[in-house]
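Undergrad: coordinates only, no sequence provided:
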């Protein structure tokens, strides 16, 4: 990556979410000159993101340019507007656990919440295991309250015909049971292929808002997977790809031929 100011600003705009970019611009406008304290303020403005290397490159390029903080903020806003034009077809990497400044990635826990908030008509969530995740439950409650149709597809316990040793994943979302706009799904044992002495598992992990945005990765809906485990994933914003993912699961939910059935 080139270290000249225009290149650094363009790259920074491409790596920041819109809300994150606006926050950084406010910090930059309030700064008299580039410094370590400004770099720290950028990171503290939106904690929970592995963007130390991005902040450092921006402050270093700013220091060499002699521009004002207002000018840097204005340039970053302009670059962000251009970046948003291409965002609908851009995929971004997310991760949990150990992070690196060498490759900027966003935290799975934060991105999961953002994708849920993007849903306007429908939300599809698929997970193997689930427990804890108070923030996710709260966000799903708000999503259901604004009229979004929510489908939750979870693995069940061994005693219920699934492969989880503990409670079924749906147990983490008890507060959502009974809501008209929320439906739980499972894969009945009788519809699973036998694999020796066991049966196939519902192991996919997916959060899809409408047919526009999807988080696809290795992380289950657990606090540890979303934050501490070493997990990796990708946010898809290519409508054709997201549409295919969502419609694949919708086809599995069809009454009769679909292997997935409503839970309860």
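TA: Yep, that arrived. None of these values were measured; they are calculated from a predicted model. Numbering: from 1, shown residues only.
Undergrad: give the bridge partners for residue 164, please.
TA: residue 157 (DSSP bridges).
Undergrad: what about it, neighbour count?
TA: Neighbour count for residue 164, taken as other Cβ atoms under 10 Å: 20. The C-beta positions use only the backbone N, C-alpha and C, and glycine is treated the same way.
Undergrad: in contact with it, which residues?
TA: Each residue near residue 164 by Cβ atoms under 8 Å, 6 or more residues apart in numbering is listed here: 128-129, 155-158.
Undergrad: report pLDDT for residue 84.
TA: Residue 84 carries a pLDDT value of 73.
Undergrad: which residues does residue 109 contact?
TA: 48, 96, 135, 226-227.
Undergrad: this protein: strands as residue ranges?
TA: All strands of the chain, identified by DSSP state E, fall at 92-96, 106-107, 122-127, 130-131, 149-154, 182-186, 194-195, 198-199, 206-209, 213-217, 221-222, 231-236, 261-262.
Undergrad: buried set for stretch 78-95?
TA: Within stretch 78-95, the residues that count as buried by 16 or more other Cβ atoms under 10 Å are 79-80, 83, 92, 94-95.
Undergrad: rewinding a little: farthest-separated two in the contacts of residue 109?
TA: Spatially, the most separated pair among these is 96 and 135, at 14.1 Å (Cβ to Cβ).
Undergrad: the two - which one has more neighbours?
TA: residue 96 (22 against 15).
Undergrad: ok, the residue lying closest to that one once chain neighbours are set aside to residue 255 distance?
TA: Among residues not flanking residue 96 along the chain, residue 231 sits closest, at 4.0 Å (Cβ to Cβ, 6 or more residues apart in numbering). Separation of residue 231 from residue 255 (Cβ to Cβ, to the nearest Å) stands at 34 Å.
Undergrad: of those two, who's got more company?
TA: residue 231 (19 against 7).
Undergrad: what sits against the more buried one?
TA: 95-97, 108, 217-219, 225.
Undergrad: residues in contact with the residue located most distally from the centre of the chain?
TA: Relative to the centre of the chain, the most outlying C-alpha is that of residue 66, 36.8 Å out, by Cα atoms, centre = their mean. By Cβ under 8 Å, 6+ apart, the contact list for residue 66 is empty.
Undergrad: any idea how far it lies from residue 42?
TA: Applying Cβ to Cβ, the value for residue 66 to residue 42 is 19 Å.
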